[in-house]
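J.: next input, structure requested:
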Amino acid sequence: MAKKVLTPAEVEIKALKKKYRKEKTEKLVPVFLAIVIAVSALFVGKGSGADKQPVNNVDNNNTQQSVQNNDTQNTDSNQVQDPSTDVDLTPDKNLADDPANWTKEQIVQFYKQSAAKSHAGAESSQTMTMPKMVVNDGDGALGGFIKLVTPVINSVLAKQATTYGGITGGYNNLVASDVASAKAYKEGNYTIIEMTMVEQTDGLYGEPQDGTVGHAINVLGNVATAVEQFPQFDIKYKEADIKIHYANPTVKVRINENGIIEKGTWQYTAEIDIKHLQIESVMVDKAEAEIIYTIVVGGGF
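T.: You can find the predicted model right below:
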């Protein structure tokens, strides 16, 4: 039987698969996480979280040590001021008894006050899933290998479910113009607030609590900082064109009679678009990914 002649792309994929199996670790996963900047999503909780978690749990001593060292060195730069300290808690004397009659401005102010009152005692849980990742239109060796490791990347993201203290977002800076639509209503003794934020697009550099979505939920922030957590890989991100669009950002909370958020869900889809990103000797001409980012309090609502 004649031996099959492999194409150059098939040869490269075979070599990558062999290397992946041989190392028996997830060492290669951070490379591809970096391609889609998924790794930066692991920093989102740091905006308000009191209980910081490690950047990742990859089973590789060198990678883990490098990440831990960088995380320690960057602790101060990653800290964000507690937003609850800057919120005016003065009650609105003109607030109607029926929340359905509140203006958008009143809904936003009531939410901010509830978030500030809840911040110290809240426990937030952060999860991520990646329903889409396409590199180089799925063609070539790299595009083919991404298809192979996508389930592994989703597994890594699933392991990054993080719990930390506080209510997410830079809500002290939240204003009515950040909100595309809002409604409030009564449900028994509870007040329900639902908001859809104005969508936001960031580039390579950003701040977790800036912008319309950052004020309400937190965004990925400084992508460059995240990529630099993997100095063992030569990622020429400064020359790349990177955009992150935050689509369908929503907030839904249930607030008790004391103004405390008992249950809540904050969510958006980060649509990541990358062009001309070189990693080691591989050029990523085009990469697209979607990461669904969800934070819940009290099991979600």
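
J.: low-confidence ranges in the stretch 201-301 of the chain?
T.: 225-233, 280-282 (pLDDT under 70).

J.: need the helices for it, in chain order.
T.: Secondary structure of the stretch 201-301 of the chain (DSSP state H, counting those that start in this stretch): helices at 211-216, 223-227.

J.: just the ones you listed: most buried one?
T.: Most buried of the helices of the stretch 201-301 of the chain by mean neighbour count (mean count of other CB atoms under 10 Å) is helix 211-216; its value is a mean of 26. Backbone N, C-alpha and C define where each C-beta goes, glycine included.

J.: tabulate the CA atom coordinates of it in CSV.
T.: The C-alpha trace of helix 211-216 is given here as CSV (Å, rounded to 0.1, in the frame of the first residue of the first chain):
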residue,chain,number,x,y,z
GLY,A,211,-16.8,52.8,29.3
THR,A,212,-20.5,52.1,29.2
VAL,A,213,-20.0,48.4,29.8
GLY,A,214,-17.1,48.8,32.2
HIS,A,215,-19.2,51.0,34.4
ALA,A,216,-21.8,48.3,34.8
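
J.: tell me the buried residues in stretch 244-258?
T.: Within stretch 244-258, the residues scored as buried using 16 or more other CB atoms under 10 Å are 244-246, 249-255.

J.: so where do the strands sit in the chain?
T.: Applying DSSP state E to the chain gives strands spanning 123-135, 162-165, 179-187, 190-197, 200-202, 235-236, 241-255, 261-279, 282-297.

J.: got these as CSV, with distance to residue 224 columns?
T.: Output for those, formatted as CSV (distance: least, CB to CB, whole Å):
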stretch, distance to residue 224
strand 123-135, 20
strand 162-165, 21
strand 179-187, 29
strand 190-197, 24
strand 200-202, 12
strand 235-236, 10
strand 241-255, 9
strand 261-279, 12
strand 282-297, 16
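
J.: residue 132 contacts residue 288, correct?
T.: Yes. Look at residue 132 against residue 288 with CB atoms under 8 Å: they come within range, at 6.9 Å.

J.: residues near residue 221, how many?
T.: Neighbour count for residue 221, taken as other CB atoms under 10 Å: 25.

J.: I'd like the distance between it and residue 210.
T.: Separation of residue 221 from residue 210 (CB to CB, to the nearest Å) stands at 8 Å.

J.: equivalent analysis for residue 170, please.
T.: According to CB to CB, residue 170 and residue 210 sit 7 Å apart.

J.: more neighbours, these two?
T.: The residue with more neighbours, out of residue 170 and residue 210, is residue 170; 23 against 16, by other CB under 10 Å.

J.: now that one. Nearest residue, chain neighbours left out?
T.: Excluding the flanking residues, the one nearest residue 170 by CB to CB, 6 or more residues apart in numbering is residue 209, at 2.8 Å.

J.: wait, doesn't the one you found sit right on residue 220?
T.: No. Using CB under 8 Å, residue 209 is not in contact with residue 220, being 11.5 Å away.
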